[in-house]
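**Student:** just coords:
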C-alpha cells in the first residue's frame, strides 16, 4: 500500500524501524507536499466464531 511519512522526523523513525538509513538528500529529492512516499505491507485478519 502507498503510505507517506509526513515529516523528516517521521521518515527517520520509519527508516529506523525498517532498519534502513534515512538520507536527507533523498528526502529533499522525493518528498512531496504529503511527505515522503513509500510502500508498506498491511495484513488484514478476519476473525469469527468457529462453526
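**Tutor:** Right, received. Where do you want to start? No experiment lies behind these values; they were computed from the predicted model shown. Residues are numbered from 1 along each chain as shown.

**Student:** what's stretch 16-26 in contact with?
**Tutor:** 8, 11, 12, 14, 15, 36 (C-beta atoms under 8 Å, 6 or more residues apart in numbering). Glycine gets a C-beta too; all of them are placed from N, C-alpha and C.

**Student:** can you give me the end-to-end span of it?
**Tutor:** 15 Å (C-alpha to C-alpha, to the nearest Å).

**Student:** tell me where the protein has helices.
**Tutor:** 8-17, 24-30 (DSSP state H).

**Student:** which of these sits most buried?
**Tutor:** Compared across those, helix 8-17 shows the largest average neighbour count, a mean of 14 (mean count of other C-beta atoms under 10 Å).

**Student:** ok, back up a step: and the helices of the chain as a markdown table, adding mean pLDDT?
**Tutor:** Output for those, formatted as a markdown table (pLDDT from 0 to 100):
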| stretch | mean pLDDT |
| --- | --- |
| helix 8-17 | 93 |
| helix 24-30 | 93 |
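
**Student:** excluding chain neighbours, what is closest to residue 8?
**Tutor:** Among residues not flanking residue 8 along the chain, residue 27 sits closest, at 5.6 Å (C-beta to C-beta, 6 or more residues apart in numbering).
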